[in-house]
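# turn this into a structure:
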Amino acid sequence: MVFVVRSVEDRQAFRCLFYLVTLYGVASWLAYSVAHMRHVQPLGFDAPPDRFSEARAVEHVRQLTVGTGGRQEGNPGLEIAAQYIKSQLEEIAAKAGPSYKIEVEESLVNGSFSMYFLRHRVTLHYRNHKNVVMRIASNISEENDVAFLVNAHYDSPPGSLGAGDCGSCVASMLELARLIIDTKWVPPQPLIFLFNGAEELFLLGSHGFITTHKWRNSIGAFINIEASGSGGLDLVCQSGPGSWPSKIYSQAAKYPMANSVAQDFFGIIPGDTDYRILAEDYAKIPGLDIIFVLGGYFYHTSFDTVENLIPGSIQGRGENLIRLVKAFTNSSLLVGNKNNKENEDERAVFFDYLTFFMVFYRRDLSVILHSMPLAILLLVPFYLTFRNITLGSLFMAYIDIVKGIVFHFSALILAIIVPVLAAILRLLFTKHSMSWFAHPFVAFFMFVPSSVIGLLIPRTIWKIKETTYFWGAYGLYVLMTMAYLLAGLGGGFLTYIMTLSMLLAWFSFSLTKKKFGLQSLTSLALYVVPLIPTLLYSVYYGGFLVQFVIEKMGMTGSLPQPYGYFVPDIIVAAIIGVVTGWCVGPVLPVAGHYLTRFSIIKFLLQITVIALAVGSQLFPYSTKAPKRVVLQHSFRTSDSSTIEEARYGFAVVDSNGLNFLFDNSPEASRWLINNSVLSFDDEFVTDRSSWLGSYPVSFLFSGVSYPARTDEILKHYESLPNLFVTEVLNLENGHRRVHLELYLGSLSEIWASVLNITGPLSNWSFADSTLPEPQLVSGGPPSYVCRLSGKSTQNWTFWLETTNSEPLRVDLAVLDQYLTPGTSELKSLFPNWADLIPFSTFVSSYKL
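As a prediction, this is how the structure comes out:
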C-alpha cells in the first residue's frame, strides 16, 4: 500500500486525520481502561478490617466454585454452597456486639405462577428451594420496621461454576456483611441480605421470598446484584418504580456506573433478573438492578471461573455497596415511600461520566432542559439573517437548516449502510462468520474506516456550507432529543449534551476562524477542544456498547440459514456504524471540510479491505471467547424401566453452524462416525420440540440428533421417570378431572421436569388453578407448558381438567445432569474453544 500525497490540501487532510485518530485513540484507551475497572485498585487479604477487600471476597468465590463443584439444582454442591453461606453469616453474627439484633435463617420456598420469558408463556411450579436470609438491625428495632433488602442468587446454571454469575454477587454480600459488623456500624433501619437459591430456574427464589416470607411486607427498597459476565462496569440497568432509588445512587456511589438509556433498552435483551419479581410483577418495591455487564464471553459457560474475573470489578462493586446501604438506610425516603405510590411511574434522566461523577435530574426538569436546544434552533434563522431580516430570508434560512438536517441524517445512515455492505461482502468469500468474536479490535478496524467513508460520502457528492452543515447537524440532534422526550424515554441526554457542546464549539470556531482562517487546522482544533468532554463520553459509552454486543453475539440462538449466517456480522457492523456516527458526527461540520478528499477516502477504503482480508483469516473462537454448544443425550422411554430409543442431540447458539463445529472437531467427528453417525441430512435435523426439557430456552436451539446406546444409562439408574393416572373424576359441569402422579425414578441430578399438555384442557392444579394462554411448540397444536422443579426424592401430584371425552396428550421431559461414560467421552473430544453444555433428557408421552 503506497500513498503519494501530491497537494497541500492532501497533506493538510492527512494531518487532520492523524490528529483526529490520535484524539479518538487516546479517548478509546481511557474508555477501555475505565470500562474494565483498571482505575480501581483491588485490596488484598491484609486490607484493614474497616475496608472492603476484593481478595477476601474472591476467596468466598473460590469456595463457592471449586469448593462445591457446581451449584446447580439437583447437584449436591448447591446444598454445600447454602451451608457455606449460612456458616459464614453465623460467624459474622457471632462477632456482633450488644447493639445489634441479628437473625440468620434458612427457608424452604414453594410456589406456582406463570410468566413470560423469551416471549413465551411458561408456568412454574416449584417446591423446597432453599433461601438463606440474614437480618441486621439495631437492638431496639421492631419486627415490622421498614427494611432495606440486598438480594443475590447463589445457584448457577448447568455446566457452569458460576464465579461471575453469581458467586461474585454472593461473595460481595458476605464481605459487605463482615464490613458492617467489623466497623460497628448499626443500620438506622433493618438490613436484610437475601441469598436466594433458585434464580436460574426463572426467578423462583425471589418469588418464594416475596410471596411467603415473614419479612416480605417490611421491605421498603432493595438492590439486586447480578452478573451477565465476569466483571467490568457494574451497571445500573433498571431502576424504579419511581426515580428516588437512582437519585440516592447518584449521590452515594463512589464509582457511579449508571445511565437511563440502559433501562430504555433492557427489555429487548433476552433475559431477566430478580428485579422483575421484586419491582414489577409482584411487589412493586422501589429498587436498583445492578449488573456486571462485561466478560460476557464466560456467561453461563464452564469458563466462568475465578481466574476469569476482571480485577477491580468486585472492589468497585463493594465500595459502592457499602455507601449505598448506608445511604438507603439513612434516607427518609425509605420509610416515607413505603406506602406512597403517587410517583411510582416517574422516570428520571441520569448518567455517569466515566465512573467519576454522575448527573441526575428529574423528568419535569428534563422537559425544560431538553426543550431549550429546540428554542435555540428556532431562533437560529434570526441570528443568521439579523443584518437583513426579511420574510424571504428567514424562510430560506429555515430551508437551509432543513437541508442541513437531511444532509447530516443521510451521512449517519450511510455510516451504517457502508459497513453493513462491507460485512456482507466479506461473508460471501469466507467460510465462517464472527471472525471478530475472539478479536474485538478487528471489528473496529473492519467497520470504523468504512463507517467514516459513509459519513464523508454526502459531502463528497454535494457541496454544502459549513454554517448550513453545522446547524443542520445541530438540528438533527435537537430532533432526536425531542423524540426521546416525547417517547418518555431517558436516553435523550446523549444528544442533549451533544447540542450543548456543539454550541460551545461553534462559538469558539466562529471567533478563531476570523483570525486564523477557515483553512487553518488551528481553527479546527479550537472547534474540537470544546467537544472533547462529549466526544470522550461518546467513545466511553459507544465502546462499551460495541464490546457488550460482540460478547452477546455468542448466544443469539440458532438462526435460520442461509440468512442467519449474516445476522451477527450485520448487527455488529450496524452498531459500530451507529457508534461511529455519534462519536464523529459532531466533528463533521468543520472536519469534513478537510477530510472530504479522494485521497482520504481511498486510504480509508484500503484500510477496510486489508482489515476485512486479515479478519477473514482469524479463527472466531478461543478459550477466552468460547463457542457455546449444547449436547443432549435423550432417552425416549415407554415405562419406568424400558428405553425405546436414545440419541445424541447437538445444537449451537450462534451463526456458525454444526458444519463448522464438526469440521473443526476432527476427534469428535471420528468418534461419531465410529459409534453412531455424522450427517446433516434432513432426517437427522431436529425441531425445537426435541429440546422440551430446556423450554423456553429451547427456542434458541435447532440442531441435529444421532442414534446413541440405550444400555449405559440403565447401569446407573435402576428406574426411570413415569406418569401414572391415580384417579379420574367426572364433574357436575360435564368436565373430566384426571389426577396424576409423576414418578421420577431413581434420577438424582434433576434440573427440571417439563410438561407439554395438548388437547381440550380447561383447567389444572398449577398456578392457583389458573390456566394461561396456550403456546405453540414447533408449530404443533396449542399447548400448555409447566416446569416442575425442586427436590426429586418425592413424586409430583397434580390434576388436569378437560372439557370432553377427547384425550389429552402429555409430553414429559425430565432434564438430568448425569452423563453416561460414552457422553463424557464424546464431550472430552471437542476442542477447548468449544464449551459444551451437556445433560441427559428422559422423554415420554401419554394419552389421558
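# report how many residues lie close to Ala438.
Here the number of neighbours of Ala438 (other CB atoms under 10 Å) works out to 21. All C-beta atoms are positioned from the backbone trio N, CA, C, and that covers glycine.
# do I have it right that it meets Leu618?
Yes: under the contact definition of CB atoms under 8 Å, Ala438 touches Leu618, with a separation of 7.4 Å.
# output the lowest mean pLDDT helix or strand found in the protein.
Taking mean pLDDT, DSSP states H and E as the measure, strand 775-776 is the helix or strand of the chain with the lowest mean score, a mean of 78.
# which residues are in contact with that one?
Surrounding strand 775-776, the residues in contact under the criterion CB atoms under 8 Å, 6 or more residues apart in numbering are His120, Arg121, Val122, Pro782, Ser783, Tyr784, Val785.
# got a pLDDT number for the residue lying closest to Arg51 once chain neighbours are set aside?
Here the nearest residue to Arg51 in space, its sequence neighbours aside, is Leu43; by CB to CB, 6 or more residues apart in numbering that works out to 5.8 Å. Reading off the confidence values, Leu43 has pLDDT 97.
# the one 4 residues further on now?
At Ala47, the pLDDT value in this model is 97.
# who's in contact with the closest residue to it other than its chain neighbours?
In this structure, Ala47 finds its nearest non-sequential neighbour in Ser53, 4.0 Å apart by CB to CB, 6+ apart. Contacts of Ser53 were listed using CB under 8 Å, 6+ apart, and they are Leu43, Gly44, Phe45, Ala47, Glu175, Gln315, Gly318.
# show me which of the residues you listed are buried.
Among these, the ones that count as buried by 16 or more other CB atoms under 10 Å are Leu43, Glu175, Gln315, Gly318.
# export the residues you listed to a markdown table and tack on distance to Tyr846 and secondary structure?
Output for the buried ones among the contacts of Ser53, formatted as a markdown table (distance: CB to CB, whole Å; DSSP: H, G, I helix; E, B strand; the rest coil):
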| residue | distance to Tyr846 | secondary structure |
| --- | --- | --- |
| Leu43 | 58 | coil |
| Glu175 | 50 | helix |
| Gln315 | 54 | helix |
| Gly318 | 52 | helix |
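# what's the closest of those residues to Ser433?
If you rank those by distance to Ser433 using CB to CB, Gln315 comes first, at 37.0 Å.
# so where's the stretch 651-800 of the chain shaky on pLDDT?
Of all residues in the stretch 651-800 of the chain, those with pLDDT under 70 make up the ranges 777-780.
# which parts of it are helices?
Under the criterion DSSP state H, counting those that start in this stretch, the stretch 651-800 of the chain contains helices at 658-663, 666-675, 712-716.
# tell me which of these is the most buried.
Taking mean count of other CB atoms under 10 Å as the contact definition, the stretch among these with the greatest mean neighbour count is helix 658-663, which reaches a mean of 18.
# so what secondary structure elements neighbour that one?
In terms of contacts (3 or more CB pairs under 8 Å, 6 or more residues apart in numbering; DSSP states H and E), helix 658-663 is packed against strand 643-652, helix 666-675.
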